[in-house]
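Q: Compute the structure for the input listed below.
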Amino acid sequence: MPLSHLLGAEQVQLLEERLAHANLDEAVGVLQTYLHSILRPSAIGNPMIPILSKLYYEPMQYSIHKAIEESGYSQRQFERICSELIGMSGKRLHKITRFNKARLRILFHPDVDLHQCMLDLGYYDYAHFSKEFKLCLGVTPSEFQKWMLKQHDVLKPSGPIILLDDGYHV
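A: Got it, this is the predicted structure:
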């Protein structure tokens, strides 16, 4: 998802200008400062934060319906509060998190069985899985998998790996 969708094009441009001349440590500091500035101090102790954390870290075990039920809010109130706290609805957070877990699984294990990956992440049919994946990344899971398999083939060493004293290999 383009960062401009979450923060707005002007904010992204300002961040890019600040980050263009920063080294890694400075860039991390700039991003931390920015993210802390947009997180309202009143949000830090908000009881919704642990619920949203579960949606983010446990998207397969913790559904949006469980989150709404645990919050004690109506669905409409829940979505409004989520939008105020994190800039998107809880449902969108859940979708993005499931997609990201699928993307990372394919990224690190490009030979994964896509059907099993889909089931593990709570998708019940390939059409739904493929549609959401393409919406977030612009390609289908199988297209991404084929691309990743090519990348792994390109990066495979052509001969034996010899570790040198300086840590480099040939």
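Q: Now the helix or strand residue 12 falls within: buried residues?
A: Using DSSP states H and E, residue 12 maps to helix 9-20. Residues of helix 9-20 classed as buried by neighbour count (16 or more other C-beta atoms under 10 Å): residue 15. (Glycine included, C-beta is placed from N, CA and C.)
Q: and it, what does it pack onto?
A: In terms of contacts (3 or more C-beta pairs under 8 Å, 6 or more residues apart in numbering; DSSP states H and E), helix 9-20 is packed against helix 3-7, helix 24-38.
Q: which one of those has the lowest average pLDDT?
A: Mean pLDDT is lowest for helix 3-7 among these, at a mean of 69.
Q: Helices of this structure, start to end?
A: Using DSSP state H, the helices of the chain run over 3-7, 9-20, 24-38, 41-44, 48-57, 64-71, 75-86, 90-108, 114-120, 126-137, 141-155.
Q: rank these by pLDDT, which is bottom?
A: Averaging pLDDT over each of those puts helix 41-44 lowest, since it has a mean of 54.
Q: center of the chain, which residue is that?
A: residue 100 (4.3 Å; C-alpha atoms, centre = their mean).
Q: With adjacent residues omitted, what lies nearest to that residue?
A: Using C-beta to C-beta, 6 or more residues apart in numbering and skipping the chain neighbours, the partner closest in space to residue 100 is residue 136 (7.9 Å).
Q: Would you mind measuring from that neighbour to residue 150?
A: According to C-beta to C-beta, to the nearest Å, residue 136 and residue 150 sit 21 Å apart.
Q: tell me the angle the helix holding residue 12 makes with helix 24-38.
A: Using axes from the mean of the first three to the mean of the last three C-alpha atoms, to 10 degrees, the inter-axis angle of helix 9-20 relative to helix 24-38 is 150 degrees.
Q: Kindly export helix 9-20 (C-alpha atoms) in CSV.
A: Presented in CSV, the C-alpha positions along helix 9-20 are these (Å, rounded to 0.1, in the frame of the first residue of the first chain):
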residue,chain,number,x,y,z
ALA,A,9,1.0,13.0,-0.4
GLU,A,10,2.2,16.2,1.3
GLN,A,11,3.3,14.4,4.4
VAL,A,12,5.1,11.7,2.4
GLN,A,13,7.0,14.4,0.4
LEU,A,14,8.1,16.1,3.6
LEU,A,15,9.3,12.8,5.1
GLU,A,16,11.2,11.9,1.8
GLU,A,17,12.9,15.3,1.8
ARG,A,18,14.1,14.8,5.4
LEU,A,19,15.2,11.2,4.8
ALA,A,20,17.0,11.9,1.5
